[in-house]
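Participant: Build me a structure from this.
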Amino acid sequence: MEPAAEQTSLFEGYEVAEAWDEMLMGPATPRTPYRAVHHTLAAMTSTAMSERADQLARNYLDQGVTFDYSGEEHPFPLDAVPRVLSAHEWEIIEAGVAQRVTALEALLDDIYSREGEIPRAVHEGVVPWRLIASSKHYHRAVMGIRPTNGVRVHVSGIDLIRDENGTFRVLEDNVRVPSGVSYVIANRRAMANVFPEAFSTMRIRPVHDYPRMLLRALRAAAPDGTKDPTVVVLTPGVYNSAYFEHALLARMMGVELVEGRDLVSSGGQVRMRTTKGDRPVDVIYRRVDDDFLDPVHFRGDSVLGVAGLVSAVRAGRVTLANAVGNGVADDKLIYSYLPDLVRFYLDEDPILPNVDTYRCNEPQALAHVLGHLDEMVVKPVDGSGGKGLVVGSAADGATLDRLRAQLQEDPRGWIAQPVVQLSTVPTLIDGRLRARHVDLRPFAVNDGDRIQVLPGGLTRVALLEGQLVVNSSQGGGSKDTWVLSAHGRPLTRAHAASEPETREVVVMTAPTSSPEDAMRSQQQQQQQTGRLSPPDLARTPDEGSDGC
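Facilitator: Below is the predicted model of the structure:
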């Protein structure tokens, strides 16, 4: 018989705080989507739950699912309690994310496809041109380039939070090289192994189809006239904090994983070096930041990209996914205009509202922010992963003084938002369930005909009490996100017979080595572990742009 302490309820001492609790409306009163999960947890002992949590950790360690934290690789923390969303809640999120991505596509097309013309949104006074032109991620080198099927945002990660009233709000947009979907897939595999009874009794929508969705979108983006496109995944290399994801997606899609040294651009075409000779490449799913993609147009010292790549894209001989220059849409000042841009481009009201935002480049807003710094969350407009973010209520006087000086010196570089109490989900802490704050990153894939949102996404959880920053780089973890199927909706989707089957392939590397290769390798390691890491999992494990 278990000792009395081990028979104590997992919920003993659990407090529903001022934030919206995803599971509980009040003590022992679960919300409808969580009834089955709550019933199971209420019947479990601390010992039984801890054993399952240990099994999850071992599962991740055995798979090598890790992330970079303070310069060291750690097993990624997966909490044993899932986040559950009802079919109705997901319908709102799905529609809102698709609408958001559609507007972002329209904005990027407006900016980059109209070479020599003022974007329509600027001409109509929706957004000032100076904000676009001054964005760190606006690149004149790709002006006038229009993708084959019009898609620039092939993959996006839209970060959502749920406020104190239960309303989902967009926290930020990630349309450069958003990462973290590998953890969605790995989380589901691990949870299905450890909690098989849940998946046999609950109608949980699957996530395993993501690689097929992605491959279909990449093949659809191939240059005109390509009958059987060759797709590759371009990684910065093994030292990058998100390399696990790059390798996993390449393997699951059945395409080659390559580094910049494996590709050569000549005569407006990109070719891949193989042991059987060079092979043309049609689509590159790049996981390398813009600045490192092409040393001819961007950083001249980059050894991670391919010289002449932008010229090949301009010639229409190869497609980059996601497109170069998308980061202008990630700029947090541009983010503040998205509700107006949705109305302008789509003639619709936003389904998912923004978090209220003060633009520090506007004198009146800046004055208000400076007078209420201790009540604000202040963010750099080009930051990711929680880097540079200051929560005023948690900052000391010296930090606020430095921040005040930075805001006055560079108001264009900052936005401010009131503190929002992110919703909470019960999380296993030292053998008991405790309320911890979460956010959600749904992933959307655009193939040119439709935008598909993967059911669920990455739920990131702040493991420290009261912590609102959920990034893995700040010590956060994740939860498996369960989207419940509506009545009658199938749990799995039959694969179309016309779709090619994916196959696993061997990761390719350069066939020869030399002293120059050794020097190049050292440069690669420095660039991968410097500008391109660590991960941003609240935002997710990062390439140096849209991290976890």
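
Participant: what comes up buried for the longest helix seen in the chain?
Facilitator: Longest helix in the chain, counting residues (DSSP state H): helix 87-112. The neighbour-count check on helix 87-112 (16 or more other Cβ atoms under 10 Å) flags 87, 89-90, 93-94, 96-112 as buried. For the C-beta atoms, the positions are set from N, CA and C on the backbone; glycine is no exception.

Participant: Kindly report the same for stretch 193-205.
Facilitator: By neighbour count on 16+ other Cβ under 10 Å, the buried set for stretch 193-205 is 194, 195, 198, 199, 202, 203, 204, 205.

Participant: Quick check: the gap between the first one and residue 81.
Facilitator: By that I understand residue 194. 12 Å (Cβ to Cβ, to the nearest Å).

Participant: Same check on the third one?
Facilitator: Taking Cβ to Cβ as the criterion, residue 198 is separated from residue 81 by 11 Å.

Participant: shared neighbours, those two?
Facilitator: Common contact partners of residue 198 and residue 81 (Cβ atoms under 8 Å, 6 or more residues apart in numbering): residue 37.

Participant: now the stretch 151-300 of the chain, which segments are flagged as low pLDDT?
Facilitator: By pLDDT under 70, the stretch 151-300 of the chain has no low-scoring segment.

Participant: Strands of that one, residue ranges please.
Facilitator: Under the criterion DSSP state E, counting those that start in this stretch, strands of the stretch 151-300 of the chain are mapped to 155-162, 168-174, 231-234, 256-258, 263-266, 269-272, 279-280, 283-286.

Participant: Which residue, other than its chain neighbours, is closest to residue 352?
Facilitator: residue 96 (3.4 Å; Cβ to Cβ, 6 or more residues apart in numbering).

Participant: Does residue 435 lie in a helix or a strand, and which?
Facilitator: Element membership for residue 435 (DSSP states H and E) is strand 432-441.

Participant: right, and the helix or strand after the helix or strand of the chain with the lowest mean pLDDT?
Facilitator: Lowest on mean pLDDT, DSSP states H and E among the helices and strands of the chain sits helix 4-7, with a mean of 50. Going down the chain from helix 4-7, the next helix or strand is strand 24-26, by DSSP H and E.

Participant: Contacts for that following strand, please.
Facilitator: Residues outside strand 24-26 that contact it (Cβ under 8 Å, 6+ apart) are 14, 16, 30, 31, 34, 38, 426.

Participant: Tell me which of those fall in strands.
Facilitator: 30, 426 (DSSP state E).

Participant: Going by distance to residue 417, which of the contacts of strand 24-26 wins?
Facilitator: Using Cβ to Cβ, residue 16 is the member of those that lies nearest residue 417, at 24.4 Å.

Participant: any idea how far residue 293 is from that closest one?
Facilitator: 48 Å.

Participant: Apart from its chain neighbours, what residue comes closest to residue 172?
Facilitator: Closest to residue 172 by Cβ to Cβ, 6+ apart is residue 159, at 4.9 Å.

Participant: How many neighbouring residues does the residue lying closest to residue 326 once chain neighbours are set aside have?
Facilitator: Sequence neighbours aside, residue 175 is the residue nearest to residue 326 in space, at 4.6 Å (criterion: Cβ to Cβ, 6+ apart). Residue 175 sits with 29 neighbouring residues when counted by other Cβ atoms under 10 Å.
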